[in-house]
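Q: Got a predicted structure here, sequence first:
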Amino acid sequence: MATDNKSKSGNSNKNNKKRKNYLPHNKPVKKGGYPLRPGVEGFFITCDGGREYQAAQEAINVIESFYEELLEGKESKVGQSELPKKPMNKVIKFADSDSSGSDNDDDNADGNNDVQTKEDTSTDVIAAGGGENNGTGDEIKDDVSVDKQIDEKTETLESNENQETETVEPPVKRQCIQEDARNGGNLPKVADGQSVDKLIEAELAELGDKSKRRFGKLDTGCNGVVFIQMRKKDGDPSPKDIVQHMMSSLASTKKHVSRFLLRVLPVEVSCYTSDEEITRAIKPVIDKYFPVEAQTPHKFAVLYDARANTGVDRTKVIDAVAKSVPSLHKVDLANPDINIVVQVVKTVCLIGVVEKYKELAKYNLRQLTSSDQ
């Protein structure tokens, strides 16, 4: 009996060890991020399979850089002319300073070449007019006139140097002094009455809260697909403008900005995949890019793609999108001016608008920045 109990206890210990190996250290399984849902706008991005996390982080950094560049107008350099230039740290030596010694005398001698030429001309005039018969009286008068000219020259040099020293004072210091005088020596205040410290704390709290970030990741549940949500504020450019600026700048510079990203497409609206939902959600996009009273009609095409959804009829979705466009604008699959992109991911339909789709390598970053293009 004792041997049987020992064998049972030994088998139970072995089973427990095996279970511990298979269990994830008794920790709860981490859930994914916020799932993709209707009613969001942002960026639909494809990447290498299995690199969704790295691609999402890289996409946020790339989009933020182009967003700031587009918002601040980095290429046009707006407002840089208004900034004061920094003064150069140069040592200024004055001609009449005591510490300069004999070197300054030499500088004065070099700087008064005009006076010396005047002396030479005056002596030449004396020699030609009076000769030696005028005596020492004329020579004394000439010396007095030359001394007066030298004194006048030194006075003008001193006045010019004083003006230079006044202009050397940096403009930044003057502005700071004026602002301190206006504020009475206190810290600068904002119009709302909040100090700079409180504004910095509020900004840090906003950055720490994921729900208040401008760009955030949403879990698509599909392999090789990433969605970056954009929480648009007043005055912010649309996702279409950001992606258009990104592609045009990369096409001109051929600069590699990503390692895992493949295709970046803007998403203006998102809804469920039913025909009624698509026609209702696409109305603001059609009114914006395909106005009824347009002077020049646009040629358009519908680009459709579906992932993890086999129950949606492709022709029905394309017909619902095409019928929403006014009859003034015509369909042209060969050379469209505007492409309406429809991406179906599970049960969510993502709709966006792009321009120059074929010219910009179908918005594929790797093909766009390659040397073959």
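A: Yep, it's here.
Q: Mind telling me what element the nearest residue to residue 294 once chain neighbours are set aside is part of?
A: Computed as Cβ to Cβ, 6 or more residues apart in numbering, the closest residue to residue 294 that is not its neighbour in sequence is residue 328, at 6.4 Å. C-beta coordinates here come from the backbone N, C-alpha and C atoms, glycine included. Under the criterion of DSSP states H and E, residue 328 resides outside all helices and strands.
Q: go on, residue 201?
A: According to DSSP H and E, residue 201 maps onto helix 196-208.
Q: about what we covered before: please verify my assumption that the residue nearest to residue 294 contacts residue 296.
A: No. In this structure residue 328 lies outside contact range of residue 296 using Cβ atoms under 8 Å: 9.6 Å.
Q: Who has more neighbours out of those two?
A: Set side by side, residue 328 and residue 296 show more neighbours around residue 328, with 13 against 7, by other Cβ atoms under 10 Å.
Q: what sits against the more buried one?
A: Neighbouring residues of residue 328 by Cβ atoms under 8 Å, 6 or more residues apart in numbering: 290, 292, 294, 297.
Q: rerun at 10 Å
A: Shown in contact with residue 328 (Cβ atoms under 10 Å, 6 or more residues apart in numbering): 290, 291, 292, 293, 294, 296, 297, 298.
Q: Please report the number of neighbouring residues for the fifth one.
A: A count of neighbours around residue 294, defined by other Cβ under 10 Å, yields 12.
Q: That one contacts residue 325, doesn't it?
A: No. Contact status for residue 294 versus residue 325: not in contact, 11.2 Å apart, counting by Cβ atoms under 10 Å.
Q: Now stretch 222-237: buried residues?
A: 222, 224, 225, 226, 227, 228, 229, 230, 237 (16 or more other Cβ atoms under 10 Å).
Q: What mean pLDDT does that stretch get?
A: Averaged across stretch 222-237, pLDDT comes to 92.
Q: do stretch 294-308 as well
A: 94.
Q: can you check stretch 345-352 too?
A: pLDDT averaged over stretch 345-352 gives 96.
Q: cool, stretch 275-288 as well?
A: Stretch 275-288 shows a mean pLDDT of 94.
Q: neighbouring contacts of that stretch?
A: Identification of contacts with stretch 275-288 by Cβ under 10 Å, 6+ apart yields 38-39, 238, 240, 268-272, 274, 292, 312-313, 316-317, 319-321, 323-326, 329, 340, 342, 349, 351-353.
Q: again, only this time at 7 Å
A: 268, 269, 271, 316, 317, 320, 321, 324, 325, 349, 351, 353 (Cβ atoms under 7 Å, 6 or more residues apart in numbering).
Q: same thing with stretch 244-251?
A: Defining contact as Cβ under 7 Å, 6+ apart, one finds that stretch 244-251 is touched by 66, 70, 257, 264, 355, 360, 363, 365, 368, 369.
Q: what ranges do the helices span in the stretch 151-300 of the chain?
A: For the stretch 151-300 of the chain, applying DSSP state H, counting those that start in this stretch gives helices covering 171-183, 196-208, 239-253, 275-281, 283-289.
Q: Quick check: which of the ones you listed is buried the most?
A: Highest mean neighbour count of those: helix 239-253, a mean of 18 (counted as mean count of other Cβ atoms under 10 Å).
Q: picking up where we left off before, which secondary structure elements does the helix holding residue 201 sit against?
A: Applying 3 or more Cβ pairs under 7 Å, 6 or more residues apart in numbering; DSSP states H and E, one finds that helix 196-208 contacts no other helix or strand.
Q: ok, back up a step: list only buried entries from the contacts of stretch 275-288.
A: If we count by 16+ other Cβ under 10 Å, the contacts of stretch 275-288 have these buried: 268, 269, 271, 317, 320, 321, 324, 325, 349, 351, 353.
Q: What pLDDT does the model give the fifth one?
A: Which is residue 320. 94.
Q: And the helix or strand hosting it, what does it pack against?
A: Using DSSP H and E, the element containing residue 320 is helix 314-324. If you count contacts as 3+ Cβ pairs under 7 Å, 6+ apart, helix 314-324 packs onto helix 275-281, strand 299-307, strand 338-345.
Q: among those, which is the most enclosed?
A: Each of these was assessed for mean neighbour count using mean count of other Cβ under 10 Å. The highest is strand 338-345, with a mean of 21.
Q: what's next to that strand, contact-wise?
A: 36, 44, 220, 222, 225, 265, 273, 289, 298, 300-309, 312, 317, 321, 349-355, 357.
Q: Okay then, goodbye and thanks.
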